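A.B. asks: How does the following fold in three dimensions:
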Amino acid sequence: RIDYIRKVFLFTHLTGLTTGALILAGTALFAGAEVIAFPTILLCIVVGYFAGALSYLFVQNTLARQLRRQLELLQPLIGAAPNGGMTVEQLLGQVEDSVGQVDELIGTVLGTVDNIQPHYASVNTTILELADRARIGLAAAESKQ
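C.D. replies: This next block holds a predicted model:
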């Protein structure tokens, strides 16, 4: 199983190298086949590789920033703050753990609501009965006057 960040690494670098090959093909198409020499091929590969590497670093940085932001938003529920020096994989693991904690919290709240609901219904019924008795008592008191 290839983890997410490795897929991003492969995709961005292969995209960069493909871009380098397309630049080489475009150069040959417009300038002629005589410009295709070892230095030109090497330059296109290097430019493509750096384009892929820069896009990978941008995606990795953006993903890490987004995961840190999600952890900051979850902090009131889970109580843990993200550590600044964590890798994307560690941040992703911490987000998964945090989501698990929130899921447990929601399960606990729903269980508590299920436990309280019958008591609420009982109290509500009792209040309605007392209100009916109070109305009957008030009606009886008013009729005696």
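
A.B. asks: how about the strands of the chain, start to end?
C.D. replies: Using DSSP state E, no strands are found in the chain.

A.B. asks: Determine the longest helix present in it.
C.D. replies: What stands out as the longest helix in the chain, according to DSSP state H, is helix 88-144.

A.B. asks: Show me what it is packed against.
C.D. replies: Helix 88-144 sits against helix 4-31, helix 38-78, with contacts defined as 3 or more Cβ pairs under 8 Å, 6 or more residues apart in numbering; DSSP states H and E. In short, each C-beta sits where N, CA and C put it, glycine included.

A.B. asks: Provide a list of residue ranges in the protein with pLDDT below threshold.
C.D. replies: Residues of the chain meeting the criterion pLDDT under 70: 1-2, 80-83.

A.B. asks: what distance separates the longest helix of the chain from the centre of its chain?
C.D. replies: 31 Å (Cα atoms, centre = their mean, to the nearest Å).

A.B. asks: Quick check: Gln66 vs Phe11, distance?
C.D. replies: Gln66 sits 18 Å away from Phe11, going by Cβ to Cβ, to the nearest Å.

A.B. asks: Dump the helices and strands packed on helix 88-144 to CSV, plus distance to Tyr120 and mean neighbour count.
C.D. replies: Putting the helices and strands packed on helix 88-144 into CSV (distance: least, Cβ to Cβ, whole Å; neighbours: other Cβ atoms under 10 Å) gives the following:
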stretch, distance to Tyr120, mean neighbour count
helix 4-31, 45, 15
helix 38-78, 25, 15
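
A.B. asks: In TSV: those, plus distance to Ser98.
C.D. replies: Conversion of these to TSV gives the following (distance: least, Cβ to Cβ, whole Å):
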stretch	distance to Ser98
helix 4-31	17
helix 38-78	5
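
A.B. asks: Which among those helices is found nearest to Leu130?
C.D. replies: Checking the helices and strands packed on helix 88-144 against Leu130 by Cβ to Cβ gives helix 38-78 as the closest, at 39.2 Å.

A.B. asks: No further questions, thank you.
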